[in-house]
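**Student:** Okay, predicted coordinates and the sequence, questions at the end:
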Amino acid sequence: MQFIVAFAKKLPIVPIGLFILGIVIGLLFGYVIAPVEFVDATPSYLRADLQEDYLRMAIDSYRVNPDPNLAVQRWQNLGSGAQPAFDGIRANPQTIDPAAISAYDGVIRKFLETGGGQPPVDTGSGSSLIKMITLAVGALVLLGVLGYGGWYLYRLLGKRGSGKVTSVMQAAEISRHAEKTNFEQLGLAPPITQTMTTYVLGDDLYDESFSIDTQAGEFMGEYGVGVSEAIGVGEPKKVTALEIWLFDKNDIKTATKVIMSQHAFNDPGIRARLEPKGELVQVEPQAQILLETATLQLLATVVDLEYGKGPLPADSHFERITLELAIWPRQNQ
């Protein structure tokens, strides 16, 4: 009896409790609060404007890869919304080549004139019981991972005396205390969104992305910054270039610029590797980089910059760099 009591005292009560709580919450959420009704939905469930965006991408894809079967499949994915979406594109092509629209129209007309039927629908050959078991096992594994994550977090918070601060934590703290630009004091309209982001040496997975939404909650696009090129060998990575990008839902192409260390900018080999990614810019303190799409503008400001030290060439990799990313709607030209 004493052995059982002693063994029970050694059990990790907190992680076990978190694991059981995770299972209960997961089951309630999966079967009561938000049960899954269907999967693999087609674009026919999208709003009309998003269906039009989908068809624009399908037409542009057909221009690059003229596969009639793929073109027809994407048309059929829209169901009854295909024709209204195509009529909208034909009335307002925007950046799409009219020749590409005509070519896509020809393929669809030929398909419709031949009386092509809908592609076969996969009703699922597996047993529903097997699917349920697979889903349950997957849910248990996920909940187990979440429970372990909670336990690890608990242990991490419990190590009050370690004082260990990761590069990600340093970056978040620097961004939090960085002062944002008051554009209204400069006579400019306030941006739609304004973000501070920081890379610190040691954050090998640095890759930040942010959504652009109107005040009414309408999605306009995304923007972000991530590692583009490293130099040297060993860990942590010695980042010598970052990639800033801006995605506009109303534009086919994503605007991209690569900001480079002084050494990388003057190195022909590194330049040759990075030129396909976008315009190359040498980073400097307080420098401003402008990206533009059909309806959006992104102004990136280098708020803080410090190069790393060591055996690598001078000014070749970043020890720390803080960027301010601000988004405005692009004025009509």
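**Tutor:** That came through, no problem. What you see is a predicted model; the values in this text were computed from it and never measured.
**Student:** moving C-terminal of the helix or strand containing Gln51, what's the next helix or strand?
**Tutor:** For Gln51, the host element (DSSP states H and E) is helix 48-64. Proceeding N to C from helix 48-64, the next assigned helix or strand is helix 68-77, under DSSP H and E.
**Student:** list the helices and strands that following helix packs on?
**Tutor:** Counting by 3 or more C-beta pairs under 8 Å, 6 or more residues apart in numbering; DSSP states H and E, the packing neighbours recorded for helix 68-77 are helix 48-64, helix 98-113. Backbone N, C-alpha and C define where each C-beta goes, glycine included.
**Student:** Please work out which residues outside it touch it.
**Tutor:** With C-beta atoms under 8 Å, 6 or more residues apart in numbering as the test, helix 68-77 has contacts from 42-44, 54-55, 58, 61-62, 82, 104, 107-108, 110-111, 116, 118-119.
**Student:** Now do the following helix or strand past it: which elements does it pack against?
**Tutor:** Following helix 68-77 in sequence order, the next helix or strand is helix 82-91 (DSSP H and E). If contacts are counted by 3+ C-beta pairs under 8 Å, 6+ apart, helix 82-91 sits against helix 48-64, helix 98-113.
**Student:** What are the buried residues along the last one?
**Tutor:** For helix 98-113, the neighbour count (16 or more other C-beta atoms under 10 Å) marks Ala100, Ile101, Tyr104, Val107, Ile108, Phe111 as buried.
**Student:** excluding its backbone neighbours, what's nearest the residue positioned nearest the centre of the chain?
**Tutor:** For the chain, the residue nearest the mean C-alpha position is Ser209 (5.3 Å; C-alpha atoms, centre = their mean). In this structure, Ser209 finds its nearest non-sequential neighbour in Gly224, 3.5 Å apart by C-beta to C-beta, 6 or more residues apart in numbering.
**Student:** Look up how far Glu218 lies from the one you found.
**Tutor:** Here the criterion is C-beta to C-beta, to the nearest Å. By it, Gly224 lies 19 Å from Glu218.
**Student:** What's the local residue count around Ile33?
**Tutor:** When neighbours are counted by other C-beta atoms under 10 Å, Ile33 registers 9.
**Student:** Can you tell me how far it is from Phe210?
**Tutor:** Ile33 sits 28 Å away from Phe210 when distances are taken as C-beta to C-beta.
**Student:** same check, this time on Leu188
**Tutor:** Plainly put, Leu188 is 20 Å away from Phe210 if you go by C-beta to C-beta.
**Student:** okay, and for this structure, where does confidence drop off?
**Tutor:** The chain contains residues with pLDDT under 70 at 1-15, 17-18, 29-30, 32, 34-40, 115-132, 134, 147-164, 332-333.
**Student:** between Leu188 and Phe210, who's got more neighbours?
**Tutor:** The neighbour comparison of Leu188 against Phe210 (other C-beta under 10 Å) goes to Phe210, with 16 against 13.
**Student:** Looks like the more buried one contacts Ile192 (just checking).
**Tutor:** No: in this structure, Phe210 is not within contact of Ile192 by C-beta atoms under 8 Å, at 10.8 Å.
**Student:** Outline the domain layout of this protein.
**Tutor:** The record's domain parsing of the chain by automatic domain parsing lists 2-36+123-158, 43-113, 168-329.
**Student:** just the buried members of the contacts of helix 68-77?
**Tutor:** Among those, the ones that count as buried by 16+ other C-beta under 10 Å are Pro43, Tyr54, Leu55, Ala58, Ser61, Tyr62, Ala82, Tyr104, Val107, Ile108, Phe111.
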